[in-house]
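Peer 1: Everything below, folded, please.
(one chain, ligands or ions: 1)
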Amino acid sequence: MTGEPLPVGDSLFARMGGRKGVAHIVEAFYARVERDELLRPLFPDDLGPGREKQKLFIEQWLGGEAEYSERFGHPRLRRRHFPFVIDRRAAGRWVHHFGAALRECGVANADVATILAVLAPLAQHMVNADDDVPRTPLDDARLD
Ligand code: HEM
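Peer 2: Numbering: from 1, shown residues only. The predicted structure is shown next:
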């Protein structure tokens with residue numbers, strides 16, 4: 001579970017409004033992260049660059065263009081999150097906000113359920129607070 005595209009074909013991506021729809025959803029998600037007093041301190045002061053990467057990743061993950069991997073290599077999401085100390089509570093909040101952003105943007109309940117069924121365990125997989133892992137920032141490093 002390292003960020004391989006969801007095996008959903010391109011219909012889910014199309015129903016979400018394609019690239020524009022995904023951008024809208026990630027913006028709604030980031031607006032929620034920005035207001036969350038537990039999550040906000042984990043993120044850098046400037047949310048802009050991360051938000052753009054997240055758009056590229058989610059688009060690729062939902063079966064859109066693979067620009068994320070063309071630019072940054074393999075997602076290796078757990079590894080990319082090592083610099084951020086993530087506990088179970090933070091993971092739960094992350095999923096909560098993503099689900100709320102999807103609903104806010106009008107994604108149908110059945111599609112929200114499909115997405116969260118994969119995202120919830122993926123977020124738990126990102127929990128690293130008690131692990132002895134390298135915390136050095138990776139920034140835009142290309143990973144294989
Ligand atoms: C479990 C709770 C999570 C927390 C607290 C968290 C936090 C973060 C933070 C702080 C960043 C860096 C943002 C920046 O540099 O501006 C980040 C990047 C990112 N996160 Fe998460 N994240 C979580 C879960 C997830 C999940 C489940 C996904 C997959 C859908 C994900 C996908 C990404 C991606 C694609 C990036 C950009 C990585 C890169 O290329 O640098 N995150 N996350």
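Peer 1: Residue 61 contacts residue 16, correct?
Peer 2: No: using CB atoms under 8 Å, residue 61 makes no contact with residue 16, being 11.3 Å away. For every residue, glycine as well, the C-beta is placed using N, CA and C.
Peer 1: residues of stretch 92-104 that come out buried?
Peer 2: Neighbour-count burial for stretch 92-104, counted by 16 or more other CB atoms under 10 Å, picks out 93, 94, 95, 97, 98, 99, 101, 102.
Peer 1: could you pull out the helices for this structure?
Peer 2: 11-15, 18-35, 48-61, 67-72, 77-80, 88-104, 109-125 (DSSP state H).
Peer 1: if we can go back for a sec, so which of the buried residues of stretch 92-104 are also by the ligand?
Peer 2: The residues of these that also fall near the ligand, by CB under 6 Å from any ligand atom, are residue 94.
Peer 1: need the buried residues of stretch 92-104 in a markdown table with pLDDT and distance to residue 42, can you?
Peer 2: Listed next are the buried residues of stretch 92-104 as a markdown table, based on pLDDT from 0 to 100; distance: CB to CB, whole Å:
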| residue | pLDDT | distance to residue 42 |
| --- | --- | --- |
| 93 | 98 | 10 |
| 94 | 98 | 10 |
| 95 | 98 | 15 |
| 97 | 98 | 13 |
| 98 | 98 | 15 |
| 99 | 98 | 19 |
| 101 | 98 | 17 |
| 102 | 98 | 21 |
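Peer 1: so who does residue 69 touch?
Peer 2: 60, 75 (CB atoms under 8 Å, 6 or more residues apart in numbering).
Peer 1: cool, and residue 30?
Peer 2: By CB under 8 Å, 6+ apart, the contact set of residue 30 is 47, 51, 54.
Peer 1: list the contacts for whichever residue of the chain sits closest to the ligand?
Peer 2: As assessed by CB to the nearest ligand atom, the ligand sits closest to residue 50 within the chain, at 2.1 Å. By CB under 8 Å, 6+ apart, the contact set of residue 50 is 43, 44.
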